[in-house]
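S.K.: Quick one: sequence and predicted model below, then my questions.
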Amino acid sequence: MVSEHGKVGRPRSEQARAAVLHAVDDLVVEVGYGAVTLKGIAERAGVSRQTVYRWWSTKAEILLEASVIDARQELDVPEHDDPVEDLTAYLDALIVFLTTSPAGAAYRALLGEAQHDNAVRELLGNNDLLGESAAAVIARAIPEAERRVAMTWATAQLVGPVFFWILSGRDPDELRRGPLLDDFLRAVASRR
């Protein structure tokens, strides 16, 4: 039998999988990415190292999977009647994700590691967790945007300024979402 990660073996236990994903989030917050090991993840999750190695090759893979699952929930904002409210709610959720969420801390750790680890860089490049969530909100809030612009460009325009602000250590409370959204909407409207 081939698992969802393409490895041969028994199907994985959902309980063991959840324990591993929770353990990796907790460990990154507690000890930092560099100190996390697959052995430590297995011990924290209460599973064997063989169980961890059967389904994941690296701690980055585990951490990304945990981040993706959590981000989908945390960045899934309810639909509003006003597109600006939709986009504002998304930016608020993104700020919380990047600043206070354990999944956001894990994602930031992966981003840092990707700066000097090509395998982690490739892993993140193939799994655009923020781009996917932003594209869903943009497509819902501005349906014509998909016809006018490349969605990767639009998501970079929306997420990029927040991402830069947070990752460069600026105070998230000083981030002015109104002007940011005005600039974003103007850019999307003018781009053909």
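M.R.: Received it, and whenever you're ready, just let me know what you need. Residues are numbered from 1 along each chain as shown.
S.K.: surely Asp70 meets Ala93?
M.R.: No - counting by C-beta atoms under 8 Å, no contact exists between Asp70 and Ala93, whose distance comes to 11.8 Å. C-beta: built from backbone N, CA, C; applies to glycine.
S.K.: and this structure, what are its domains?
M.R.: Here the domain parsing of the chain from automatic domain parsing is 14-57, 65-190.
S.K.: where does this structure dip in pLDDT?
M.R.: 1-12, 145-148, 192 (pLDDT under 70).
S.K.: Which residue lies nearest the spatial centre of it?
M.R.: Geometric centre of the chain, nearest residue: Leu129, 4.2 Å, by C-alpha atoms, centre = their mean.
S.K.: where along the chain do the strands fall?
M.R.: Secondary structure of the chain (DSSP state E): no strands present.
S.K.: would you list every one of the helices in it?
M.R.: In the chain, the helices defined using DSSP state H lie at 14-31, 38-45, 49-55, 59-74, 83-99, 102-114, 118-125, 129-141, 145-148, 151-167, 177-190.
S.K.: Can you tell me which helices and strands the first one packs against?
M.R.: Translated: helix 14-31. The elements that helix 14-31 packs onto, with contact taken as 3 or more C-beta pairs under 8 Å, 6 or more residues apart in numbering; DSSP states H and E, are helix 38-45, helix 49-55, helix 59-74, helix 102-114.
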